[in-house]
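**Student:** Quick one: sequence plus predicted model below, questions after.
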Amino acid sequence: MITLGALLHGADEDFLVNLYLAALGRWPDEAGYAHHLGLIAGQPEARVGLVQAFLGSEEARQRPATIQMDAPGPVPAEQALAAQLRLRTEILRAAIAAPREAAAAAEQSALAGEIMALGAALEGLRTELTERIAALEAALAGTVPPAPALSPALSLDYVNDLVEGAQAPLLRRIRGLEARLLERDAGVSGS
């Protein structure tokens, strides 16, 4: 919010830039700037009328009021310059924050998609692991002929070797998914 008295202070060029920022919330376009500068150049008394014209525009009516229409009496130069600096700083901060917020939203969206894809891959791996274990259990549940020359310890080693052989490809896939998660986390913390 800036008062009319603080807005009217300064050179025509500065007044016009500040008017665009206060009334429209944006920097002036070249054509509009040149046109409006021609209307007020060397005519300080025309500034109040231009402020009223800006505030009556469709673009300004779509924004919250940012100019306090006080009596345009003299405002100390330091006070006016401080108000103008605050106005420009607020606009610059908003301009800087907008791309950052958009980038953060896009990054969150990308991360959500990647997390969903990893979740689906893990679910597929879980299903496959469950099916393989069930198949192994079914194979082992049947009648296993006794191994006449093998001791019970050697028979147990044989079964363990079968289970480890079936688990190895699944463990490689799990480690691959874990590596992808670690790479993603490293990329997120590095940016």
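**Tutor:** All right, it came through fine. Since this is a predicted model, take the numbers as computed values, not measurements. Numbers count the residues shown, from 1 in each chain.
**Student:** alpha carbons only for contacts and neighbour counts from here, please
**Tutor:** Will do.
**Student:** Which helix or which strand is home to the residue nearest the centre of the chain?
**Tutor:** In the chain, the residue lying closest to the centroid (Cα atoms, centre = their mean) is A104, at 1.6 Å. Assigned by DSSP states H and E, A104 belongs to helix 77-141.
**Student:** What is that helix packed up against?
**Tutor:** strand 2-3, helix 4-8, helix 12-19, helix 152-190 (3 or more Cα pairs under 8 Å, 6 or more residues apart in numbering; DSSP states H and E).
**Student:** In the longest one, which residues are buried?
**Tutor:** With burial defined by 16 or more other Cα atoms under 10 Å, the residues of helix 152-190 counted as buried are 170, 174, 177.
**Student:** now swap in stretch 16-34 and tell me
**Tutor:** Buried residues in stretch 16-34, defined by neighbour count with 16+ other Cα under 10 Å: 16-28, 33.
**Student:** Report the backbone C-alpha coordinates of it in PDB.
**Tutor:** This file holds the C-alpha atoms of stretch 16-34, laid out as PDB (Å, rounded to 0.1, in the frame of the first residue of the first chain):
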ATOM      1  CA  LEU A  16       5.000   6.300 -13.900                       C
ATOM      2  CA  VAL A  17       6.900   3.100 -13.100                       C
ATOM      3  CA  ASN A  18       5.600   3.300  -9.500                       C
ATOM      4  CA  LEU A  19       2.000   3.900 -10.700                       C
ATOM      5  CA  TYR A  20       2.200   0.700 -12.900                       C
ATOM      6  CA  LEU A  21       3.500  -1.300 -10.000                       C
ATOM      7  CA  ALA A  22       1.000   0.100  -7.400                       C
ATOM      8  CA  ALA A  23      -2.100   0.100  -9.600                       C
ATOM      9  CA  LEU A  24      -1.500  -2.900 -11.900                       C
ATOM     10  CA  GLY A  25       1.100  -5.000 -10.000                       C
ATOM     11  CA  ARG A  26       3.400  -5.200 -13.000                       C
ATOM     12  CA  TRP A  27       6.200  -3.400 -14.700                       C
ATOM     13  CA  PRO A  28       5.100  -1.100 -17.600                       C
ATOM     14  CA  ASP A  29       5.000  -2.300 -21.200                       C
ATOM     15  CA  GLU A  30       7.000  -0.200 -23.600                       C
ATOM     16  CA  ALA A  31       4.000   1.200 -25.600                       C
ATOM     17  CA  GLY A  32       2.000   2.000 -22.500                       C
ATOM     18  CA  TYR A  33       4.900   3.600 -20.800                       C
ATOM     19  CA  ALA A  34       5.700   5.800 -23.800                       C
END
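**Student:** Tell me the secondary structure of A22, please.
**Tutor:** Secondary structure, DSSP: H, G, I helix; E, B strand; the rest coil: A22 is helix.
**Student:** Identify the residue nearest it in space, chain neighbours excluded?
**Tutor:** Spatial nearest neighbour of A22, excluding adjacent residues (Cα to Cα, 6 or more residues apart in numbering): T66 at 5.7 Å.
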